[in-house]
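Okay, structure incoming, though there's no sequence with it:
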């Protein structure tokens, strides 16, 4: 998994009733775009993430 600052991280819920989480990658700490990432989720909390197979990165769109 590779990402850049500004990309969106989508973490899919893997238990019935658990919702998906989405947030913006605000820092890439791994070499060459690899994890870990600091993510600011839509509810405002920030977390250091090593995304698993239930996550996808959506590249930021160029304006």
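Cool, the structure landed. In this text, all values refer to a predicted model and were calculated from it rather than measured experimentally.

Nearest residue to the middle of the chain?
Nearest to the geometric centre of the chain sits residue 9, at 2.7 Å (Cα atoms, centre = their mean).

Show me what the helix or strand encompassing that residue is packed against.
If you go by DSSP states H and E, residue 9 is part of strand 8-11. On a contact count with 3 or more Cβ pairs under 8 Å, 6 or more residues apart in numbering; DSSP states H and E, strand 8-11 meets strand 21-28, strand 55-58. All C-beta spots, glycine's among them, are computed from the backbone N, C-alpha and C.

Tell me which other helices or strands the first one touches.
Read that as strand 21-28. Here strand 21-28 touches strand 8-11, strand 37-41, going by 3+ Cβ pairs under 8 Å, 6+ apart.

how about those, which one is nearest residue 61?
Closest to residue 61 of those is strand 8-11 (Cβ to Cβ; 9.6 Å).

How far away from the center of its chain is the closest one?
Distance of strand 8-11 from the chain centroid (Cα atoms, centre = their mean, to the nearest Å) equals 4 Å.

partners of it, with directions?
In the sheet, strand 8-11 lines up against strand 21-28 (antiparallel), strand 55-58 (antiparallel) (DSSP bridges).
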